[in-house]
Each structure stands twice: as structure tokens, then as C-alpha cells.
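>>> Following is a predicted model, sequence given first.
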Amino acid sequence: MKEVRVVICGDQGVGKSSLISALIQEDNVTSIPKVFPIISIPSNPDSNDDVSLVLVDTQSDSNEREYLAAEIKKANVICLVYSDNYSYERVSIFWLPYFRSLGVNVPIVLCENKSEDLDNYQGLHTIEHEMIPLINEFKEIEACILCSALEKINVNELFYMCRACVIYPITPLWDAKERTMRKATIHALSRIFFLIDKNNDDLLSVDELNSLSEKCFSKNLSIEDASEILSKVKEICPEGVYEGQLTLPGFLAYNRVQVENGKQESTWGILRAFHYTDSLSLDDSYLSPKFEVAPGQIVELSPKGYRFLVDLFYQFDRDNDGALNNEELSALFRHTPGLPEIWVSSQFPNSTVLNEHGYVTYNGWLAQWSMITLFDYKTTLAYLAYLGFDTDGRGHNTDALKVMRKRVSQNRKVSKYDRNVFLCFVVGSKSCGKTALLSSFINNNTNRLTPNTVVNSVEFQSTQRYLVLSEIGETDLDILAEPKSLEACDILCLLYDSSNPNSFSFIANLLNLYPDLQKIPCVFAATKADLDRQQQRYPVQPDEFTKQLGLPSPTHISTAAIWNTSKEFFIQLAESAQYPASSIIRIPEEDSNKTNYQLVAALTAFGALLLSVGGSLTWKIIKHQYYSKK
Ligand SMILES: Nc1nc2c(ncn2[C@@H]2O[C@H](COP(=O)(O)OP(=O)(O)OP(=O)(O)O)[C@@H](O)[C@H]2O)c(=O)[nH]1
Ligand SMILES: Nc1nc2c(ncn2[C@@H]2O[C@H](COP(=O)(O)OP(=O)(O)OP(=O)(O)O)[C@@H](O)[C@H]2O)c(=O)[nH]1
Ligand SMILES: [Ca+2]
Ligand SMILES: [Ca+2]
């Protein structure tokens, strides 16, 4: 808003023009025009806002009605003036119904002018007996004031009120009927209290109050200011101060008194610094700020983002057990709309590492955020806002994220990705041990259910990375046909059950059925290494098959307790994702005819069906066989 347009209305002779004249400091009262032209007063250079005040003088003569109506419709606020019994009666009989009939819905400031003779007692009487009944009847009246244009009493205050009604609307904050702060105001202020209470002791120290003042008003809070606030709070709310610090009830009481006394500007200053809109919701541009991400680019948390989440973890791990229990988690999310939808659907906290009591650990906490950010950075951005990333000088919320190099779907032969979070699809025949692998990844040896997507940290080269394992069951194989999901996949983990002779053919066929899989880095693994190994019913045994593809032999893994070798395997997966070139299928150019022949025989043994679905792997090998000699 660039200007606040005040239209000054009222019966003839109540002193409308005189009030304008008194405001603009014209002393020669006799020279007051019948009606002032429109006057614009620029904002005070040291005020917080850059909003000018536009004053529109009017006349109530019937031949001016059209102009009056047009101006009223353009008003941001109406200043309605009366000065005696007759003009007072006209306020409720004529003026207020008239505004309603015009369909305007702007705040009204009611002014009794010519009040220079009213002493304090009479003034109270006027307010109580004239004004309060009107306020109760007409909710559009936001404020009322006694003035004298002649003596210049309360004239600045009157126009300040008009301006404040628009810039610092009271209705969203204050329920005039109940004479209480609205619930939304209390929620917002409570959230702000929680955000500035950095040491989480439910008290605002003088230091914390000072940083609030700096953030909201760019002003240092002097010791005197602080003790003034504290003693004022003590007066109105004895439990509002505890050991020289402000409690939440005290903080709310202080704001309530400000609002009640028409000083809602300071409360709005606080709310707006924390990105609240006039409807007391967080600003959309704050919850979803501009953040450029090109298609195919990946978003991860930046070191600053991780730092914030680490601090948040320690701030809320009140019992210092290295995990967040349910109470600690709900305290952490208390001032957000609750656990994000995508966290719920990811089955958090079961999606990550929990301690023996089922509480999310430090690693699990960071891993979950890493995964969600990979899948849906917009939710992360919104929650960074709710949780107050930017409240203590960490920078803009988008500084918590970074955009990583594009995944190149056509050419994955990048030697190294400079990324920290990787997505791995786990595929394999029915019962080959996919879920068991995911469970062992998040150390789930209890009987809680393991979701089909889990995340944990993996450390190698003395750096923490995060690996997301996503199980693709037999019924979700169509995922492998979607270019989007393949693009998202960093590494394909192909499992077969080494104790089941019919298991390997499943993944071998898969590579033919979904030829685009061949562009993704692959790691083969044989599960259930603790059981007796069976020959695979497939024309080529797994070791030979992988050799033909230029890949290492399948890693033998087992999730059986005594055998658990999976830890190294997870590092292998993450490393292959980070250094994809070594795990990309390569058909060797100069291999002996014999081995090539074997593989061709193997693949063709599956018949025309596979060829007809366009298995490009098969095609490539055949081509090699027949044309390489030319
Ligand atoms: N005692 C007293 N007289 C005032 C005050 N303000 C205005 N007057 C007088 O009231 C009369 C009307 O004042 P205006 O400012 O012309 O009133 P208006 O509402 O603009 O009148 P119209 O333009 O005719 O509708 C003048 O004689 C003023 O001197 C005041 O605060 N106290
Ligand atoms: N001995 C042994 N058994 C295992 C191992 N891994 C899994 N199993 C068993 O194999 C069976 C199937 O394991 P799951 O993890 O459910 O296999 P899955 O691939 O997720 O199965 P589906 O989702 O039904 O396709 C279960 O009875 C597991 O206990 C292992 O390393 N060793
Ligand atoms: Ca504190
Ligand atoms: Ca804890």
C-alpha cells in the first residue's frame, strides 16, 4: 500500500475542514475554506512504513451527494465527525446506514469534535454513553476519539488512528465484542515467543527481547526499556515475569495491553517481521519462496541447513538421550501445521533409524530431512519457515538448500557426483530378501514394519552421505517404465536369492523388459549368502552375466544375524551412486567370440518375446556378434 485515503464525513459545520486545517498547521482559522482540495501528506521519514496520508474533505449538501458517494467508495478509512446532539443522532440514523448502503466495508473512526470544554470526567461520560453504544451496534467503528480542532487537542492522534486502522488493522488482532485477543493472534504470538526463546527455557531473557527488538524495529532495547516493559507486565499480569524474564503469559499480556490501548502498531511490527499477513497466516512468498530449480536438477540441504537441523535436534532433545521421543517431537512441531503430509506418508519415524525405544536418533533425524528434501524440497522450505530457520541471522530460508548438478539421463558416465543424497531402487524376485535388506539398513531388528522406502546415513571417505532405499515390488514394476522415476534413480540394486534357482532370471529379464534400466548404474547382489547356494536356472550364471556387462560380480550378502555383511554393501551402493561411471553397463568391444556367443545364446533362449519388446541389450549384443568383425 502506498497511501491511506481518509475521507472525512459528517454533518454541516461539525468542523471537518477545521480538523484538516489543524493537522496541516494552518493557524489562521478564519481562512479555512469551505472545503479543502485533496491533500496528500507524505510519510514521516523516520516512520517504519512508506505510506502517505491522503485527506479528502467532503460536504454533506445534497447537491454534493454524488461526489461524496464516489469518494466514500474510494476510501481506505472513513473519519466520521460529529459535534453536538443533533449531529450525534445523525451518526446512527443517517451516516452509518448510509455507508452500509453504499456497500463499503472500511474501518470507521468516530470523532467528537469541539470537545475542548470537556474535562476528564465528562470525556469519560461521553465515551461511555455516546460512543460505546455505537461501537457495540456498528462493528465497522474501529476507534473513537474526542478532539478539538480549535484547541488542537488530539488532532494528530485522530489522523494517526485513521492511518493505523488501515496499516495496523485491529480487527484481525482483537475481538471487540469479547474484548480479547483473537485465537489466531495468540497462536502467532506464541509461535514467535517460541522462536525467539532460543535456549528453550520458556522465558524471554533481556538478551532475547533485545534480539526481538532488533529484528522487528531495528532498535536496540536499552536496559531501561527492558525493565520498563517488565515492570509494566508485572502490573498487568503477575505471573508474566519470572526471575527478571518474560513468560509467555507475560508476553501475551503485554501485547494485549498494547492492542487494547490502540498501540497495535508494535504488535503488528512483531507479527510482520515474522512474515504474518493481515489475515495472520504466514505469507505465501515466505512459505514458498522463489527458488530456481531446472528440470532434472536436484535439491539437497546445504551445510547451513544441516546446521539448523542439528541445532533444532539438540534444542529439543531435552532429556539428552540422543533421540527425539514423541513428546520432544511434538514440542518441536508444535508451532507448525503438524508433521508434514509427506513425512506421514513416508511412515516417519519408521522410515529411518530409531533407537531401542523406537525414538528417532540424531542420524535418523538428519536422514529423514535429507530424504524428504530430495523428494519434495518445497515441503522442506515451508517447514524451515515454520521452524524459523531465518530468525537468528542464518540468512534466507533458501540458504538452507542448495541446487545440485543435473542428473544426465542420457549420459550417466559422470565420473563423480558432488552430491550427498542418493536414491537407490531395490528390485528382485518375490521373497528374494528386499524388505530384509531395507530393514537391516535402518537397523530394524524389532518387529515393526519396514516401509518400502527408508533412509539412513552411510559414511565413506570420512563424509556422511544419505542413501534412500526404495523397494520396487513385483506389483510396482511399472515404475521402471516411467522416465521420470528412472531419472530420479541414482543407482539400481538388482537382487537375486542365491538359494533359489529361479531367482536370477527375474532380474536378467527385467533388464530386457525395461531397456532404459541399462542406462542407470547397477549393482548386482546375491542375497541369503548364509544358505546353500543353488545353480541358477538361467543359461548364463550370474558371475558370467555381470562380466558380460562389464560389471563386478554380484556381491554376496546376507541379513542373517551372524553373517550380516550388509554394512559394506550399503557403502558400495552409495559409492556406486556417487561414482556412476564404474557401475554403468558396458558391452566390451573386444571380448572373445566365445563368451559373446554364450550370452547371445542365453538371451535368445528366452525367445522372440524379449526381442519383440525391444530389449536393446539383446539387440546390442547380437549386433556386436554379427557386425564387429566388419
Ligand atoms: N469550538 C469549536 N469550534 C470549532 C471547532 N472546530 C471547528 N469549529 C467551528 O465550527 C465551524 C464549522 O467548521 P468547519 O471546519 O467549516 O466545519 P465543516 O464540517 O467543514 O463544515 P461544512 O464544510 O460546512 O460541512 C467553524 O465556525 C469553526 O470555527 C472546535 O474544535 N471547537
Ligand atoms: N536365511 C536368510 N533368509 C533371509 C535373508 N533375507 C531374507 N530372508 C528371508 O526371506 C524371506 C523373504 O524376505 P523378504 O525380505 O520379505 O523378501 P522380499 O523380497 O521383500 O519379498 P516380497 O516383498 O514379498 O517380494 C523372509 O522369510 C526372510 O526372513 C537372508 O539373508 N538369509
Ligand atoms: Ca529463553
Ligand atoms: Ca530425547
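Structure's in. What do you need? Ligands and ions are numbered 1, 2, ... in the order given.
>>> who touches the residue of the stretch 101-250 of the chain found nearest ligand 2 in this structure?
Nearest residue of the stretch 101-250 of the chain to ligand 2: residue 200, at 41.3 Å (C-beta to the nearest ligand atom). C-beta coordinates here come from the backbone N, C-alpha and C atoms, glycine included. By C-beta atoms under 8 Å, 6 or more residues apart in numbering, the contact set of residue 200 is 315, 316, 318.
>>> who wins for most neighbours among the residues you listed?
In terms of neighbours by other C-beta atoms under 10 Å, the contacts of residue 200 top out with residue 316 at 19 neighbours.
>>> Show me the shaky parts of the stretch 501-630 of the chain.
By pLDDT under 70, the low-scoring segments of the stretch 501-630 of the chain are 564, 587-630.
>>> Please repeat the previous calculation with a cut-off of 90.
Within the stretch 501-630 of the chain, the stretches with pLDDT under 90 are 512, 515, 518-519, 560-567, 581-582, 585-630.
>>> Quick one: the strands in it, in order.
522-527, 555-556 (DSSP state E, counting those that start in this stretch).
>>> which of the ones you listed sits most buried?
strand 522-527 (a mean of 25; mean count of other C-beta atoms under 10 Å).
>>> Who does it pair with, and is each partner parallel or antiparallel?
Using DSSP bridges, strand 522-527 pairs in its sheet with strand 491-497 (parallel), strand 555-556 (parallel).
>>> Only alpha carbons, please: show the first one as PDB.
Extracted in PDB, the C-alpha atoms of strand 491-497 (Å, rounded to 0.1, in the frame of the first residue of the first chain):
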ATOM      1  CA  ILE A 491      21.500 -46.500  -8.600                       C
ATOM      2  CA  LEU A 492      19.800 -49.700  -9.300                       C
ATOM      3  CA  CYS A 493      20.300 -52.500  -6.800                       C
ATOM      4  CA  LEU A 494      19.500 -55.800  -8.500                       C
ATOM      5  CA  LEU A 495      19.000 -58.700  -6.100                       C
ATOM      6  CA  TYR A 496      18.600 -62.400  -6.600                       C
ATOM      7  CA  ASP A 497      18.200 -65.100  -4.000                       C
END
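>>> Show me how far it is from its chain's centre.
36 Å (C-alpha atoms, centre = their mean, to the nearest Å).
>>> follow-up on the earlier one: would you mind finding the most buried of the strands paired with strand 522-527?
strand 491-497 (a mean of 26).
>>> any idea how far residue 368 lies from ligand 2?
22 Å (C-beta to the nearest ligand atom, to the nearest Å).
>>> oh, I was asking about residue 576
Counting by C-beta to the nearest ligand atom, the gap from residue 576 to ligand 2 is 21 Å.
>>> Was I right to think that residue contacts residue 491?
Yes. Residue 576 is within contact range of residue 491, at 5.3 Å (criterion: C-beta atoms under 8 Å).
>>> Between these two, which contacts overlap?
Here residue 576 and residue 491 share the contacting residues 521, 523, 583, scored by C-beta under 8 Å, 6+ apart.
>>> Can you get me a residue count around the closest residue to the first one other than its chain neighbours?
It refers to residue 521. In space, and not counting its chain neighbours, residue 521 is closest to residue 583: 3.5 Å by C-beta to C-beta, 6 or more residues apart in numbering. Neighbourhood size, residue 583 [other C-beta under 10 Å]: 23.
>>> how about JSON lines for the contacts of residue 200, with pLDDT and secondary structure added?
Below are the contacts of residue 200 laid out as JSON lines (pLDDT from 0 to 100; DSSP: H, G, I helix; E, B strand; the rest coil):
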{"residue": "315", "pLDDT": "92", "secondary structure": "helix"}
{"residue": "316", "pLDDT": "93", "secondary structure": "helix"}
{"residue": "318", "pLDDT": "92", "secondary structure": "coil"}
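>>> Show me which of those residues is closest to ligand 2.
Set against ligand 2, the nearest of the contacts of residue 200 by C-beta to the nearest ligand atom is residue 316 (33.9 Å).
>>> Distance check, that closest one against ligand 3.
14 Å (C-beta to the ion, to the nearest Å).
>>> My guess is that residue contacts residue 332. True?
Yes. Using C-beta under 8 Å, residue 316 is in contact with residue 332, at 4.4 Å.
>>> Give the residues shared as contacts by those two.
residue 324.
>>> before we move on, which element is the residue nearest to the spatial centre of the chain in?
Central residue of the chain (C-alpha atoms, centre = their mean): residue 382, 0.9 Å from the mean position. According to DSSP states H and E, residue 382 maps onto helix 377-386.
>>> what does the stretch 301-450 of the chain have sitting close to ligand 4?
Proximity of the stretch 301-450 of the chain to ligand 4, by C-beta under 5 Å from the ion, involves residues 317, 319, 321, 323, 328.
>>> Run through the neighbouring helices and strands of the strand or helix carrying residue 313.
Using DSSP H and E, residue 313 sits in helix 303-316. Contact partners of helix 303-316 among helices and strands, from 3 or more C-beta pairs under 8 Å, 6 or more residues apart in numbering; DSSP states H and E: helix 326-332, helix 362-375.
>>> quick one, which of the ones you listed is packed in tightest?
Comparing these by mean count of other C-beta under 10 Å gives helix 362-375 as most buried, with a mean of 24.
>>> Would you mind splitting the protein into its domains for me?
3-167, 180-281, 295-404, 421-583, 593-627 (automatic domain parsing).
>>> Would you format those as CSV with distance to residue 415 included?
Formatted as CSV, the domains of the chain follow (distance: least, C-beta to C-beta, whole Å):
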stretch, distance to residue 415
domain 3-167, 54
domain 180-281, 43
domain 295-404, 16
domain 421-583, 5
domain 593-627, 23
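>>> Ok, which of these comes nearest residue 287?
Taking C-beta to C-beta, domain 295-404 is the member of the domains of the chain nearest to residue 287, at 4.6 Å.
>>> Okay, buried residues for the host helix or strand of residue 484 please.
For residue 484, the host element (DSSP H and E) is helix 483-488. Within helix 483-488, the residues that qualify as buried are 485, 486, 487, 488, counting by 16 or more other C-beta atoms under 10 Å.
>>> pretty sure the second one contacts residue 515?
Which is residue 486. No. Residue 486 is not in contact with residue 515 according to C-beta under 8 Å; the separation is 10.8 Å.
>>> Residue 497 versus the nearest residue to residue 424 once chain neighbours are set aside, what's the distance?
Nearest residue to residue 424, sequence neighbours excluded (C-beta to C-beta, 6+ apart): residue 491, at 4.6 Å. Distance, residue 491 to residue 497, by C-beta to C-beta, to the nearest Å: 20 Å.
>>> Could you do residue 531 as well?
8 Å.
>>> what's near enough to touch residue 282?
Residue 282 neighbours (C-beta under 8 Å, 6+ apart): 275, 276, 385, 386.
>>> Now residue 246: which helix or strand?
Using DSSP H and E, residue 246 falls in strand 245-247.
>>> which residues are in contact with that strand?
202-206, 209, 229-230, 233, 239-241, 254.
>>> Checking that strand against ligand 3, do any of its residues make contact.
No. Strand 245-247 is not in contact with ligand 3 by C-beta under 5 Å from the ion; minimum separation 6.9 Å.
>>> Quick one: mean pLDDT over that strand.
In this model, strand 245-247 has a mean pLDDT of 97.
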